[in-house]
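In: Sequence isn't available, so here's the structure alone:
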């Protein structure tokens, strides 16, 4: 079911595959997303955007200052 949404390929070699949209070398292999695979590229872009949203939610570590607004 999810095969059409995300397909990461594997290849040998010293250089990334020619048609790699993005590639990572790990333990002697290249793991990559084929530049012609629109569904996987779209899924990857969505994951990148979601991770940016998560990182953006963590702004600052300072305590929040609260002020009483009630009358007295």
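Out: Arrived safely, thanks for sending. Everything numeric here is computed off the predicted structure, so don't read it as measured data. Numbers count the residues shown, from 1 in each chain.

In: Enumerate every residue touching residue 43.
Out: Contact analysis of residue 43 by Cβ atoms under 8 Å, 6 or more residues apart in numbering lists 5-6. Backbone N, C-alpha and C define where each C-beta goes, glycine included.

In: Which helix or strand contains it?
Out: helix 38-57 (DSSP states H and E).

In: can you pull the buried residues of that helix?
Out: Buried residues in helix 38-57, defined by neighbour count with 16 or more other Cβ atoms under 10 Å: 40-41, 43-44.

In: Out of those residues, which is nearest to residue 24?
Out: Using Cβ to Cβ, residue 44 comes nearest to residue 24 of those, at 11.9 Å.

In: From residue 39, how far off is the spatially closest residue to that closest one that is not a sequence neighbour?
Out: Distances taken as Cβ to Cβ, 6 or more residues apart in numbering put residue 33 closest to residue 44, at 6.0 Å, once the chain neighbours are dropped. Applying Cβ to Cβ, to the nearest Å, the value for residue 33 to residue 39 is 10 Å.

In: any shared contact partners between those two?
Out: Contacts common to residue 33 and residue 39, judged by Cβ under 8 Å, 6+ apart, are residue 7.

In: Low-confidence bits of the protein, can you list those?
Out: Residues of the chain meeting the criterion pLDDT under 70: 1-4, 56-68, 70-72.

In: okay, which residue is most central for this structure?
Out: The chain has residue 48 as the residue nearest its centroid, 3.2 Å off, counting by Cα atoms, centre = their mean.
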